[in-house]
Structure formats: C-alpha cells, structure tokens
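Trainee: Structure for this input, please:
(chains A and B)
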Amino acid sequence: MDEAAAAIAHLYRRAGFGAGPAELDAATARGYEATVDHLLDLDVADTAADAVAVPPLTQPEPRLPVGAAARKSRLDTLRREGNALVAWWLQRMVVATNPLREKLTLFWHGHFATSLTKVGYPSLMYKQNQLLRALGPGSFEDLAQGVAKDPAMLLWLDAAFDKKGQPNENFARELFELFTLGLGNYTETDVKEAARCFTGWALDRQTGMFTFQPGFHDGGTKTVLGTTGSFGGEDVIHRAVHQPASNRFVVAKVWSHFAWPVTPDDPIVGALVGFYGADLNVRNLMRAVFLHPEFQSPQARTGLVKQPVEYIVGALRALHLPASDSTLPGILTDLGQLPFSPPNVGGWPQNGYWLSTASSYARLRFAASAVQRANLTALDHAAPADRPDAAARLLSVAGWSPSTASALATLAGDSRSLMILALVSPEYVLN
Amino acid sequence: MARRLTRRQFLAGAAGAGVAGYVVATHPWDAVFSGASSASLDGNGKLVVVTLYGGNDGLNTVVPAADGRYQSARGSLAYHPDQVLGVGDGLGLNPNLKALKGVWDRRQLAIVRGVGYPNPNRSHFRSMDIWQSGDPGGTSLSGPPTGWLGRWQDATGADALRSLAVGATVPRLLAGEKTSASAVPAGRATFPDNRGLLAAYTAMSRVSSADAPWAARVAQTNAGFLSVQHAVHDALAHQPSSDSGGTNLEGAPAGSTASGGQLGGQLDLVTRLMKARLPTRVYAVSLGGFDTHTSERDTHDRLLGQLDAALGRFLGSLHEVPDGQRTVVFMYSEFGRRVAANASAGTDHGTAAPVLVAGPGVKGGFYGDQPSLSDLDDGDLRFTTDLRAVYATLLAHVLGVDPTVAVDRRFRPMAFL
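Mentor: Modelled structure (predicted):
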C-alpha cells in the first residue's frame, strides 16, 4: 500500500472499522482532507444503518411479574432481547455507510459506560444508545446534560430515586471523576455539594422517563467547584463541563481512543483544546484530531490495539458477513467487550486489556468460523503470490511485517487458511 | 492506595525491562516475613482460588446454629444445632460440607470469620470487583482495572504459565496492567486441525526486535497461547483422566457427576496440570449460582454439596501430587446474605462472610471474630476482618512476596499460614 492509501486506511480504521478496497480507492482519489470532511458530514441520515430492524423490546414495568415462573420467563425474555440488541448494533456498524457515527457512539458508550447488568431493560439501553448517536457529534454539554437525565443512567448510578436529606453521591462522583473532570480536579466537598443539587431527580416508575420532583429537591445554597448558589443538577453539569480541566480531560480521552493513550497534561491535548472551543464542539475536535500531523505518525499508527468490537466488525465488513451469527455475543464476552455490558462505569480499559492467551484463542475461533462462512472469491482469483497483499487490502492493513509476510506466504495456496492467519496477525489485531 | 501502587509497579516495570520482559521484585522484606512464614509453604506454595459467584450465604455455610437470634432471623431457613457439623464456638459447618468437616478435624481448614471491607456494596459486580481488585478504596465504581493477583504477576513475572484461569476468560482477579493470566478452557480448546496453519501461526508468533511494542505484545500473547496449549496438551496426554470422570481438552467438563460437577471437573484439571509439574503458581476456578433470593435451601444444598465433593476430592488427592503439600485453597464470594430471610424463603444481598482456607500447610482453626448478630448495620453483619489482610497472608506465605506489591501496606499477614 502506498503512503497516501496507508494514511486513508489508518483514518478509516480509527474513524470507522476499516475500508474495503473500493472505499479505499474512492477515498484516495478524493484526497485525505476531503475524506475527513466526508466522514464528518454526519447530518445526513445513514439509510443503510437505519434500515437495520430494531428488535422488539419490552418496555420497563413498575414491577417484575409476580410468581417465580412468570419472573423467570420475563428474565429469559430480557436476556434474549439483550442479545438481539447487541446483534442490532453490530449490524448497524457492519452496514453503516458512514462508520464514524457508529464509532463515535461506541466511544461515548465507553465514556458514559452504563451496563445492562444493572439497568435490566434492553429497551432503556437502546434509548441511551440512540441518545449517544444523536448527540455524540455535537456539543459535549448537550450530550452530558442528556445522558444525566437518561433513564438507563439514572438507574445505573442510583440517581433514579434521589431524595433531599439522603442524597446519593454515586452520580455526582462519577460525573466529576469519569465523565467531565478527572481525578484531582474536584474535592470531596464538591461531590457532597453536587449530590445535593441532584436531589429530586427521579425516574418516573410509570412512564420510565426522567422527572423532577420539587418536593424532594434540596433548594438550599451549595458551593460547587468554587461558586455558590441554589444550584440544580443542570447547573452542576454546566459548571463542570466548562472547567478548563474538563476541556483537557475530554480532549485527552478522544485522542486516547482515536490516536494513542495520553494524559490530559500532554502537549498534544493543549494544541487541540482550542478546536474543541468554548462551545465544546465534538465534531470540530474530531476534525482537528484527524488532521493533526501526529495522527499519522508511526506512534499513532501502532498506538492502539483494536477493541473487540472493532476487531469483529472490521472482519465482518471485510468478509461481507452479517452480524447475525448467534455465537457473536459469546465471542465478544470471551474477548472482553460485550456491548451494553462494560465492566464498570469506568468503561473498557485499552490496549493491554484486550490481550491474553484467552483472547488469542477467542480470536482464532472467531477467525476460523467467520472464514468458513465467507465467500473468498476475491482472494481465490488473485495469483497465490499476490494473496497476502490482497488480504492486507481487504483488511485495511497497510502492510505485513517480514515475519507475518513469510508466515502468510506459506499459506498462499490456501486462501482460507491464509485469511484465518491474517485475522489473528499482530497487524490486524492492532488498529 | 493500590491504584498508586499499581502505577508505581507499572513504571518500575516499564523502566526496567523491555516489552517482553518483566521485573522480579527485590524488596528487602524477607527479613520481615521469613521468620513468620509457615515452614511447609516457605513462600513457595501453589494457590488455588475458588470464586463462588452470586453471593454465598455465609451464615448458612458456617452456621451460628446455637444462636437464638440466628434461629429467629432465619426462620424456616435456619439449621438446628443438631443438624450442623459442630466446629466449636457455637458454630457448625453446613451439613453438606462433610468432606470439609474432615479437613477441619485434620486441622487443615482455617475459617476466617466476618471478612469484608468498609462501606460494603451490595451490587454483585461492584462487590466482586472490590474483592477481585483487592481495592475497596473510595466509593467509586471504577476501581483500578487490575486484580490483586494481577498486580502480583505484574511485579514478579510474565511467564504465560505463571497463573492459569480454568475457563474461557481470565477473571479480573488475575488481570495485571502489563501481564495477564492464561486461560485454559475446561472444555474443548484445540487449535484448528490444520498443520499448515499451526506452523504459520507459530512462525508468526515469534517476536522480532523490529516490531512495534503493541505488535510485539500481540505476538507474545499468541505465543503464550501456543505454549499454554502445548503444556496443557502434553500434560494431559501423559495422564489418564481421573476415574470418576474429570475434564479433558477434547471433551466438555464432567457435567454433573457425583465428583463435584462443573467445579469438580475444573479442579480435576488443576490436579492433572499439577501432576504434570507445570510451573504455575496460581490456579483460578469458580462455581456460580449462589444468588439465592428465592427457595434458597434446595439451591444452596446442591451447590454446597458440589463444592464439598469437588474440594474433598481435590484436597484428598494432594498427597500424590507434586507440591501438593504446598498447595493452599482459598474460597470466597462477593458478599454474604442478609441476616433475616426474605418473604420468598431466600435471602437478599448482604455483607461480611467467612472465607475458607484449606490445605496441608494451613493452620486450622478460627481466625477473626464472629460478627455479632445483635449489633447489625442496617440488617447486615459488620465485617471484623478486612479482605486485604487475608490477601496479605496469601501473598506473603503462599506466593512469597512482599504483600505491598498488591495490597495496601496497612494490612499485615494473619496467622493462618
């Protein structure tokens, strides 16, 4: 792959899930900057992704059905719906015309990590997912305000039944630590005071929607992040997201997931904060990230291990396979990243977290099973000596290391084995 | 705090070793601990961690049957004093734990009572995170992404066989920042039957100095997978599967045999790997299903019966296993159950519970105070022993390291080893 194509392939791996050969050619002809703008044109609906049918999902009920049998049957239904919801999202990623929208949704899901294990109802996770998709490229404040009132989040961090006099600090703490500011940029007093601001926020058991109950709200004076007033929850979020520390925190998180892991005090973060701007514009930030010279540096090109979702979706897109296989939730669980089930509110760690002998085995199992189902005519039609390069193009890999290339060459006569090996190679496992 | 410790360990490792390397802890701690170390273990033991998922009912495992408050709180779920296997102090083992009672009688079972952590969390996953990370610090849901044994591993060695989790995945317990345990599937775990692919995969897994760090790490992990496969395959090829049906790599675990069901299969695999003299220091196995909100008695009877059969078999075979005399089994769950039974003949999520430590090198007996049944914390037991003290003991005496590589230095080893 020449350098221009390699840069585009890298962009598509990070902004999406890799580019097929035709996509790669079209984008290379369009040019790098024009391709970035093309990817960031998120105002048009993605008809291919939107055509993926949403599975029927049970709406939350005030109480689970009475009786052990009815209860078990309801829980079985919810478990099935959870798997169907995973398949729905994966399939959106597989067919998306513009993969950046789904990629950003995945990023925000990891940032505002909420898990079905506690929320219980897949329908609420679906609703949150749509919220992340709609608001993800816009203003970070709109996103944070939206997520804070999202029913799944209210349940997840116990804000759903918050009352004056017994404020729950869980949401306030995670809001500061994980969603907006990062450790060291607020005090324990800020957490306690902020928790008072969120009293009265509740989930209406009948409608399953956010509701504000003035009777449970602590209307007194609070001091949060250095200012005093009779604040409500929205005021706390507003204060938090506009702190300079929050700007660096969010920018560092974005760079960490699209380029390579950095801390908020990294000079690169300082250089990007201006693009995020006073309006906390995520789209402008993404553009600046993709166009930053360091985004194409060797450090960036080798700085991330594919998350399992990226690994699976990239392979399915390259092999033209649907995400309908019923073994996918199990494989993603074995790989450590089942969507809608992050390990905790901190989201999924990066890089080394994805590498274990167990995940090597899971990747091998997935590769063997996917290749068995795939149509490899394109590879079969190439001359054996050209097949390693053809496989690289299919998988958006810029090139093979000498060791991988020589291993692939021994399998040039057998397209299926060659593709299995390519899918478990360090080059494809890296993003 | 452990979070900071981890970071320090990580930085030390990164500075002192290459990508594929690791640092061996060389702390001047030996003088502090060697005197106290159990003679038969000598810090050179094997640790088998048994995780009971779902929240095992501690009060119906080590039962205060003689206590009227227990009887009235538990109602129909309570065991009478003549039903339990008395171990003194007014306590008795659950009647299903017959084999463990034998281990107690041989003075090889330590019952550490009232183990928990401050500000108990009643969420399964959060509480299990706290137990597995060994870091109850703060009330944040986001602990460090490492486990207490993962940090031990980060600090002491990166060999793919150093710790093994039986199952498809590596629990957080064994996840380090730089290293991870290997997983040995209890079921089928064979490389695709394709010699060309195997040869090419093997060649591709050799780390080259030209590789970028993460590419090298992928290759290294793939190589680790191969070496685990080979070691386990060889180990099992030379060992007949145990008589009453164990696990082998070609078939599913030994289902619901009388030998302890799924857990029995996992522990049989551990026995066989130990017989093959794998260099593994830590094995992790698990049993789930302890979340007994409804009709607890039947479920709990069945699970403790399985646990007892599996452990009895495992401990009973240690005399014929290399390093068997140095093997210590540690059992815990994410929390106990509430003191009072609920309205559906079950119990809800609780707090402190006993942990059990068994093996030839264990100093049998009670450790830690039995939590009071009259001084409850909102209906739950107050913990008397911090889980980190238990971990410090295992780290110092079984694994032979300064416990501060993995747990807060405030917690010192206990006397059960």
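Trainee: so what's residue 379 closest to, chain neighbours aside?
Mentor: Since you didn't name a chain, this refers to chain A. With sequence-adjacent residues excluded and distances taken as Cβ to Cβ, 6 or more residues apart in numbering or on different chains, A:Leu379 is closest to A:Ser415, at 4.3 Å. All C-beta spots, glycine's among them, are computed from the backbone N, C-alpha and C.
Trainee: should've been chain B
Mentor: Using Cβ to Cβ, 6+ apart, the nearest residue to B:Gly379 is B:Arg338, at 5.7 Å.
Trainee: Close to chain B: what parts of the stretch 1-150 of chain A are there?
Mentor: Proximity of the stretch 1-150 of chain A to chain B, by Cβ under 8 Å from any Cβ of the partner chain, involves residues A:Ala68, A:Ser115, A:Thr117, A:Lys118.
Trainee: Turn those into a markdown table, columns for neighbour count.
Mentor: Formatted as a markdown table, the residues of the stretch 1-150 of chain A next to chain B follow (neighbours: other Cβ atoms under 10 Å in any protein chain shown):
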| residue | neighbour count |
| --- | --- |
| A:Ala68 | 12 |
| A:Ser115 | 19 |
| A:Thr117 | 17 |
| A:Lys118 | 18 |
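Trainee: any idea which of those is least confident?
Mentor: Lowest pLDDT of the residues of the stretch 1-150 of chain A next to chain B: A:Lys118, 79.
Trainee: contacting residues around the nearest residue to that one once chain neighbours are set aside?
Mentor: Closest residue to A:Lys118 apart from its sequence neighbours, by Cβ to Cβ, 6+ apart: A:Trp156 at 5.6 Å. For A:Trp156, the contact set (Cβ atoms under 8 Å, 6 or more residues apart in numbering or on different chains) comprises A:Thr114, A:Ser115, A:Lys118, A:Val119, A:Val345.
Trainee: Determine which two of the residues you listed are furthest apart.
Mentor: A:Val119 and A:Val345 (11.9 Å; Cβ to Cβ).
Trainee: Name the nearest of the residues of the stretch 1-150 of chain A next to chain B relative to A:Ala398.
Mentor: Nearest to A:Ala398 among the residues of the stretch 1-150 of chain A next to chain B, with distances taken as Cβ to Cβ, is A:Ser115, at 35.4 Å.
Trainee: is it true that the closest one touches A:Phe340?
Mentor: Yes. Look at A:Ser115 against A:Phe340 with Cβ atoms under 8 Å: they come within range, at 6.8 Å.
Trainee: can I assume B:Val87 sits in a helix?
Mentor: No. Per DSSP: H, G, I helix; E, B strand; the rest coil, B:Val87 lies outside any helix segment and is strand.
Trainee: Quickly note the distance from it to chain A.
Mentor: Going from B:Val87 to chain A by Cβ to the nearest Cβ, to the nearest Å gives 34 Å.
Trainee: Check B:Met128 too.
Mentor: 10 Å.
Trainee: Give me the helices and strands touching the host helix or strand of that residue, please.
Mentor: Taking DSSP states H and E as the definition, B:Met128 sits inside helix B:124-133. Using 3 or more Cβ pairs under 8 Å, 6 or more residues apart in numbering or on different chains; DSSP states H and E, the elements in contact with helix B:124-133 are helix A:116-119.
Trainee: Can you tell me what sits against the helix it packs on?
Mentor: Helix A:116-119 has contacts (Cβ under 8 Å, 6+ apart) with A:Gly82, A:Pro122, A:Met125, A:Ala152, A:Leu155, A:Trp156, A:Phe340, A:Ser341, B:Ser123, B:His124, B:Phe125.
Trainee: can you redo those residues as a markdown table with secondary structure, pLDDT and distance to A:Gly200?
Mentor: Listed next are the contacts of helix A:116-119 as a markdown table, based on DSSP: H, G, I helix; E, B strand; the rest coil; pLDDT from 0 to 100; distance: Cβ to Cβ, whole Å:
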| residue | secondary structure | pLDDT | distance to A:Gly200 |
| --- | --- | --- | --- |
| A:Gly82 | helix | 95 | 31 |
| A:Pro122 | helix | 96 | 28 |
| A:Met125 | helix | 97 | 25 |
| A:Ala152 | helix | 94 | 19 |
| A:Leu155 | helix | 86 | 16 |
| A:Trp156 | helix | 84 | 18 |
| A:Phe340 | coil | 97 | 28 |
| A:Ser341 | coil | 92 | 30 |
| B:Ser123 | coil | 72 | 24 |
| B:His124 | helix | 74 | 29 |
| B:Phe125 | helix | 71 | 28 |
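Trainee: ok, back up a step: neighbours of the residue nearest to B:Gly379, just the number please.
Mentor: Applying other Cβ atoms under 10 Å in any protein chain shown, we find 23 residues neighbouring B:Arg338.
Trainee: what residues are up against it?
Mentor: B:Thr347, B:Asp348, B:His349, B:Gly350, B:Gly379, B:Asp380.
Trainee: same check, this time on A:His238
Mentor: Under the criterion of Cβ under 8 Å, 6+ apart, the contact list for A:His238 reads A:Glu141, A:Gln145.
Trainee: Buried residues, the helix or strand where it lies. List them.
Mentor: Using DSSP H and E, A:His238 sits within helix A:233-241. By neighbour count on 16 or more other Cβ atoms under 10 Å in any protein chain shown, the buried set for helix A:233-241 is A:Gly233, A:Glu234, A:Asp235, A:Val236, A:Ile237, A:Arg239, A:Ala240, A:Val241.
Trainee: how near is the second one to A:Cys197?
Mentor: Using Cβ to Cβ, to the nearest Å, one obtains 9 Å as the distance from A:Glu234 to A:Cys197.
Trainee: got it, and the third one?
Mentor: Noted for A:Asp235: a distance of 7 Å to A:Cys197, by Cβ to Cβ.
Trainee: Next, show the common contact partners of these two.
Mentor: Residues touching both A:Asp235 and A:Cys197 (Cβ under 8 Å, 6+ apart): A:Val224.
Trainee: Identify the residues contacting A:Ser326.
Mentor: Going by Cβ under 8 Å, 6+ apart, A:Ser326 touches A:Asn83.
Trainee: and with 10 Å instead?
Mentor: Contacts for A:Ser326 (Cβ atoms under 10 Å, 6 or more residues apart in numbering or on different chains) come out as A:Asn83, A:Ala87.
Trainee: Show the backbone phi and psi for it.
Mentor: Dihedral pair for A:Ser326: phi -70, psi -10, per degrees, to the nearest 10.
Trainee: which bits of the stretch 301-417 of chain B sit near chain A?
Mentor: Within the stretch 301-417 of chain B, the positions near chain A by Cβ under 10 Å from any Cβ of the partner chain are B:Ser344.
Trainee: helix or strand right after the helix holding B:Met128?
Mentor: Helix B:124-133 is succeeded, C-terminally, by helix B:148-156 (DSSP H and E).
Trainee: The helix or strand just after that following helix vs chain A: in contact?
Mentor: Sequence order places strand B:163-166 as the next helix or strand after helix B:148-156, per DSSP H and E. Yes. Judged by Cβ under 10 Å from any Cβ, strand B:163-166 comes into contact with chain A at B:Leu164, B:Ala165.
Trainee: Give me the sheet partners of strand B:163-166 and which way each runs.
Mentor: strand B:182-184 (parallel), strand B:282-287 (parallel) (DSSP bridges).
Trainee: just to revisit the earlier point, ok, the residue nearest to A:Leu379 touching A:Asp386?
Mentor: No. Checked against Cβ atoms under 10 Å, the pair A:Ser415 and A:Asp386 is beyond contact range at 11.3 Å.
Trainee: shared neighbours, these two?
Mentor: Joint contacts of A:Ser415 and A:Asp386 (Cβ under 10 Å, 6+ apart) are A:Leu379.
Trainee: higher neighbour count, the two?
Mentor: Neighbour comparison, A:Ser415 and A:Asp386: the larger count goes to A:Ser415, with 22 against 12 (by other Cβ under 10 Å).
Trainee: pLDDT value on the more buried one, please?
Mentor: Per-residue pLDDT puts A:Ser415 at 97.
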